[in-house]
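1. no FASTA, just this:
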């Protein structure tokens with residue numbers, strides 16, 4: 001008789017662990033116990049199903065060849081028993097059994113195990129405010145949630161919706177509902193959406209949601225109450241007293257790991273189920289993986305909850321190998337690499353933000369914002385706004401963020417691998433990345449970001465963020481703002497904050513128009529601040545001592561700008 005393996009949870013990590021067990025041990029007796037009626041769901045695809053990117057819901061539970069992953073599939077293809085709509089209610093660690101109950105029939109029983117795998121996932125957080133139980137207050141966490149929202153979308157009766165939470169799922173849900181013609185307002189308690197981003201980049205994404213796609217975004221405010229009549233939602237009341245009339249509220253404020261079963265069994269639990277590098281719990285015969293566990297951040301060593309589908313699958317593979325072969329495979333942790341689609345933008349991040357790096361003890365962490373095109377203009381280029389962070393003392397790469405309509409995924413993937421490899425800024429400045437005009441410029445944008453940060457660290461220019469410039473102006477300070485673009489560019493779009501236009505080509509001949517006090521603060525910029533950097537070098541060569549470059553230029557300025565229609 002083969003080893004008895006029981007897997008609790010059948011979404012991502014659990015089936016991956018079970019499949020790995022079967023490939024390594026054809027004699028093992030494997031049972032998956034899944035509380036939901038479905039198995040191996042592509043939950044990250046739910047917003048896109050709701051948004052109408054595809055119509056056949058079976059694609060969320062199918063193999064790449066189109067076979068539905070139901071209990072019959074698991075038995076025929078993998079000789080794995082899958083019990084759906086069945087909840088594990090208790091773990092007896094002494095007897096090495098789990099008790100279960102079928103949620104449809106009430107049938108109860110026990111399963112013996114030699115090794116137990118907990119892949120119990122997470123559950124959505126719902127604000128503890130009045131009215132949370134009203135009809136029309138929903139989440140987007142399960143396939144049933146996706147079905148309900150898709151039905152709402154297809155019915156066309158809902159005209160206004162509020163998305164509570166401006167994280168990854170919140171912005172993806174906003175897009176899905178806007179594509180259905182529904183008026184959407186995102187409400188985020190924090191000062192910005194997408195809190196893992198630098199505030200400047202997050203504001204650029206917010207602008208894209210509002211200005212280009214017609215949704216509303218409210219930050220720095222939270223839900224105080226869901227207001228309804230006769231059991232149905234009619235409005236969302238915010239903490240400042242504002243009422244947002246709505247027929248639908250999608251709560252997307254995050255998830256909490258499902259640890260109740262583990263805690264009840266006496267396993268060690270903190271932010272999630274505590275596991276070692278082998279994904280083994282405090283009980284050597286019980287492993288855990290997926291959204292129910294905590295894992296170390298690879299730059300800080302601190303435990304984090306990282307509920308990402310890719311990590312769940314990777315952890316499941318490690319667990320499946322270790323329950324068969326002993327503790328050989330390891331999961332080293334996460335850099336919290338993430339990417340999402342926000343209408344025509346992509347938003348990606350890996351590692352630490354500048355602020356998070358300093359909070360984690362990297363006192364010399366420094367970052368720089370820059371803008372580059374994802375390919376040459378003659379190949380249909382799109383801009384990318386990036387921020388690269390490194391330790392100024394050691395050169396160690398700490399984080400990278402990228403937003404915009406260009407190819408974000410390629411740059412974030414390369415940056416994530418750079419973090420995995422422990423590369424330094426110097427390594428990245430001469431990285432041998434693939435180049436051809438259909439795919440990238442001669443110097444890839446990620447390498448451009450490394451060059452900009454290297455120049456900043458070496459003192460070849462003094463960078464200042466758009467937020468710092470705005471704050472100076474709001475405090476009544478009067479730095480000399482030097483726009484070195486061409487007149488046509490200035491006419492089409494400008495900051496309109498008292499700047500002086502002197503095109504770069506004319507600058508050397510018009511130095512008398514600058515403050516003659518060589519200690520006066522001068523801030524140079526252009527469209528992306530490449531010419532701004534060159535202007536700063538010119539000024540420094542002519543004796544000015546307090547010259548700064550506004551990082552990212554006009555493209556990365558996330559605040560109000562003045563635009564003019566093109567001349568006919």
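-> Ah, there it is. All values derive from a computational prediction rather than experimental measurement. Residues are numbered from 1 along each chain as shown.

2. Just to check, residue 367 is in contact with residue 388?
-> Yes - when contacts are counted by Cβ atoms under 8 Å, residue 367 is listed as touching residue 388 (6.4 Å). The C-beta positions use only the backbone N, C-alpha and C, and glycine is treated the same way.

3. between these two, who's got more neighbours?
-> Comparing residue 367 with residue 388 by other Cβ atoms under 10 Å, the one with more neighbours is residue 388, at 31 against 27.

4. State whether that one is indeed within a helix.
-> No - Residue 388: not assigned to a helix; according to DSSP: H, G, I helix; E, B strand; the rest coil it is strand.

5. From what I see, it and residue 450 are in contact.
-> Yes - applying Cβ under 8 Å, one finds residue 388 in contact with residue 450, separated by 6.3 Å.

6. Need the overlap of contacts for these two.
-> Listed as contacting both residue 388 and residue 450 by Cβ atoms under 8 Å, 6 or more residues apart in numbering are residue 425.

7. overlap in contacts of residue 367 and residue 388?
-> 399, 453.

8. Helix, strand or coil: sort out residue 100 for me.
-> Secondary structure, three-state DSSP: residue 100 is strand.

9. looking at it, it is touching residue 88, isn't it?
-> Yes - counting by Cβ under 8 Å, residue 100 touches residue 88, with 5.1 Å between them.

10. Give me the common contacts of these two.
-> With Cβ under 8 Å, 6+ apart, residue 100 and residue 88 have common neighbours residue 33.

11. show me the contacts for residue 282.
-> 267, 268, 274.

12. Between those residues, which sits nearest residue 506?
-> Here the nearest of the contacts of residue 282 to residue 506, counting by Cβ to Cβ, is residue 274; it sits at 64.2 Å.

13. how many other residues sit next to the closest residue to the closest one other than its chain neighbours?
-> Distances taken as Cβ to Cβ, 6 or more residues apart in numbering place residue 268 nearest to residue 274, at 4.2 Å, with adjacent residues excluded. Residue 268 has 12 neighbouring residues, counting by other Cβ under 10 Å.

14. how about the residue nearest to residue 306 when sequence neighbours are not counted, what does it touch?
-> Closest residue in space to residue 306, ignoring its immediate chain neighbours: residue 334 at 4.7 Å, by Cβ to Cβ, 6+ apart. Listed by Cβ under 8 Å, 6+ apart, the contact partners of residue 334 are 295, 296, 297, 298, 304, 306, 308, 311.

15. try residue 191
-> 199, 219, 220.

16. Filter those down to the buried ones, ChimeraX style.
-> Those of the contacts of residue 191 that count as buried under 16 or more other Cβ atoms under 10 Å are selected in ChimeraX with:
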select :199,219
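
17. What is the nearest of the contacts of residue 191 to residue 384?
-> Among the contacts of residue 191, and counting by Cβ to Cβ, the member closest to residue 384 is residue 199, at 17.9 Å.

18. got a pLDDT number for that closest one?
-> At residue 199, the model reports a pLDDT of 96.

19. so it sits right up against residue 193, yeah?
-> No - between residue 199 and residue 193 there is no contact under Cβ under 8 Å: 10.1 Å.

20. so what sits against both of these two?
-> With Cβ under 8 Å, 6+ apart, residue 199 and residue 193 have no common neighbours.

21. Quick check: phi and psi at the residue nearest to residue 274.
-> phi -70, psi 130 (degrees, to the nearest 10).

22. do residue 15 as well
-> When read as degrees, to the nearest 10, the backbone of residue 15 gives phi -60, psi -30.

23. returning to that earlier point: may I see the contacts of residue 282 arranged in JSON lines, with distance to residue 148 and pLDDT as well?
-> Formatted as JSON lines, these follow (distance: Cβ to Cβ, whole Å; pLDDT from 0 to 100):
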{"residue": "267", "distance to residue 148": "34", "pLDDT": "98"}
{"residue": "268", "distance to residue 148": "36", "pLDDT": "98"}
{"residue": "274", "distance to residue 148": "35", "pLDDT": "98"}
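
24. got any ranges where this structure has weak pLDDT?
-> Applying pLDDT under 70 to the chain flags the ranges 565-568.

25. which helix is the longest one in it?
-> Counting by DSSP state H, the longest helix found in the chain is helix 309-325.

26. Just after that one, pick out the following helix or strand.
-> Using DSSP states H and E, the helix or strand that follows helix 309-325 in sequence is strand 338-342.

27. That following strand vs helix 309-325, what angle?
-> Orientation check (axes from the mean of the first three to the mean of the last three Cα atoms, to 10 degrees): strand 338-342 against helix 309-325 gives 150 degrees.

28. Which neighbouring elements make contact with strand 338-342?
-> Strand 338-342 sits against helix 168-179, strand 345-351, helix 408-420, with contacts defined as 3 or more Cβ pairs under 8 Å, 6 or more residues apart in numbering; DSSP states H and E.

29. okay, the ones you listed in a markdown table with mean neighbour count next?
-> Listed next are the helices and strands packed on strand 338-342 as a markdown table, based on neighbours: other Cβ atoms under 10 Å:
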| stretch | mean neighbour count |
| --- | --- |
| helix 168-179 | 24 |
| strand 345-351 | 25 |
| helix 408-420 | 20 |
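
30. picking up where we left off before, reformat the contacts of residue 282 as JSON lines; add distance to residue 236.
-> Formatted as JSON lines, the contacts of residue 282 follow (distance: Cβ to Cβ, whole Å):
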{"residue": "267", "distance to residue 236": "38"}
{"residue": "268", "distance to residue 236": "39"}
{"residue": "274", "distance to residue 236": "37"}
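
31. out of the residues you listed, who's nearest residue 257?
-> residue 274 (11.0 Å).

32. Contacts only, for the closest one.
-> 267, 268, 281, 282, 293, 294, 303.

33. ok so, going back, residue 110 is nearest to which of the helices and strands packed on strand 338-342?
-> Closest to residue 110 of these, according to Cβ to Cβ: helix 168-179, at 36.3 Å.

34. helices or strands up against that closest one?
-> helix 46-50, helix 143-155, strand 160-164, strand 183-188, strand 248-251, strand 338-342.

35. nearest to residue 37, of the ones you listed?
-> Short answer: helix 143-155, nearest of these by Cβ to Cβ, at 8.3 Å.

36. Now do that closest one and strand 160-164, the angle between them.
-> Calculated by the same axes, to 10 degrees, helix 143-155 forms an angle of 150 degrees with strand 160-164.

37. what's in contact with the longest helix of the chain?
-> For helix 309-325, the external contacting residues (Cβ under 8 Å, 6+ apart) are 3, 5, 11-21, 23-25, 28, 42-44, 115, 117, 119, 278-280, 287-291, 293, 295, 328-331, 334.

38. Now with 6 Å, please.
-> Under the criterion Cβ atoms under 6 Å, 6 or more residues apart in numbering, residues 5, 12-13, 16-17, 20-21, 24-25, 44, 115, 117, 278-279, 287, 289-290, 329, 331, 334 lie in contact with helix 309-325.
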